[in-house]
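Trainee: A predicted structure for the sequence below; I have some questions about it.
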Protein chains: 2
Amino acid sequence: MNSGRFAISVHILTLLTFSEDEWTPSEHLAGSININPVLVRKELANLRARGLVISKEGKAGGSKLAKPAEQIFMSDVYESVRQKELLGKAANSPNPDCEVGQKINEHLDFLNDRAEQTMIASLSSISLRDFCDRFV
Amino acid sequence: MNSGRFAISVHILTLLTFSEDEWTPSEHLAGSININPVLVRKELANLRARGLVISKEGKAGGSKLAKPAEQIFMSDVYESVRQKELLGKAANSPNPDCEVGQKINEHLDFLNDRAEQTMIASLSSISLRDFCDRFV
DNA sequence: TTGTACTGTAATTAATAAAATTACAGTAAT
DNA sequence: ATTACTGTAATTTTATTAATTACAGTACAA
């Protein structure tokens, strides 16, 4: 599904919360997460597109939160990372000669949407601040 | 995450619902789903372990639902397929010299558990019968 | 105005995971 | 005994993900 990208994004945002007001370079973030800085920069690009972080280029550049941690929710992170169906989709298209095969994907999408909506609702009740408060 | 296994299992169960009382061979299921029969048999093994289907070996063998479709819920299917964290986990272990890195996984587990619980609750309100009724 | 420390992104390669295939032993009906 | 299945292990192929390399662009600061 979205493999480890959600974890990476939350990790990034957590680090940025703890160094509020500073421009944190991606190299530093990558060091704590223990992944390649290019991957961090890709996730930062997503988070930026969602308005969750801002970045500054050039020397002494880096990233910081675009708004207070109270106003960022885990559902925002999920949505910045979302790509594939939550419950997964069949790799092959089902046999169109089969009555069930014809329609199954449409009905699976319904399940997916429903499951995802509930999950997003549950994540939307946890702010980045709430999450970071768990560290103390 | 669980890739396409949820979709495959739901597809299997749907086909078995529509051919209730017959022993359906895995070859037939694989044909409609358009995947390899060995994969179907692996999923059947999971569904069997969860008590959702029963199988019969030998000639004229195959599989059928272990109980009425009214008593099988999408949450059961999810649980039979569940393996990895819903939201995914970092591939590498975070830097233990970093205060955030040390504890992040524990806190991510909390998010995962919470999200997964809500999602399971939502899937538990849809029975296999409900799902199959959508085909008519 | 040049060096340095960053970002941003494309392209490639390496590692990992998933799916398909092959193979074959076991079972039950006929 | 033959046929039509299940069950599962082992291997190969394919797809996905992560890491690496490479380099152009930007901003600060000496």
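Mentor: In hand now; what should we look at?

Trainee: burial of residue A:91, as a residue count?
Mentor: 13 (other Cβ atoms under 10 Å in any protein chain shown). No exception for glycine: its C-beta is placed from N, CA and C like everyone else's.

Trainee: also residue A:56?
Mentor: As a burial measure, residue A:56 scores 12 neighbours (other Cβ under 10 Å).

Trainee: hmm, it is touching residue A:62, no?
Mentor: Yes - at 6.4 Å, residue A:56 counts as touching residue A:62 under the criterion of Cβ atoms under 8 Å.

Trainee: who touches both of these two?
Mentor: residue A:23 (Cβ atoms under 8 Å, 6 or more residues apart in numbering or on different chains).

Trainee: where does pLDDT dip in chain A?
Mentor: In the predicted model, chain A carries pLDDT under 70 at residues A:1-3.

Trainee: which residue ranges form the strands in it?
Mentor: For chain A, the strands defined by DSSP state E occupy A:53-56, A:62-65.

Trainee: by contact count, what packs against the first one?
Mentor: Contacts of strand A:53-56 with other secondary structure elements, assessed using 3 or more Cβ pairs under 8 Å, 6 or more residues apart in numbering or on different chains; DSSP states H and E, are made with helix A:5-18, helix A:37-49, strand A:62-65.

Trainee: in TSV: the ones you listed, plus distance to residue B:100 and mean neighbour count.
Mentor: Shown next, in TSV, are these (distance: least, Cβ to Cβ, whole Å; neighbours: other Cβ atoms under 10 Å in any protein chain shown):
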stretch	distance to residue B:100	mean neighbour count
helix A:5-18	5	24
helix A:37-49	14	17
strand A:62-65	14	21
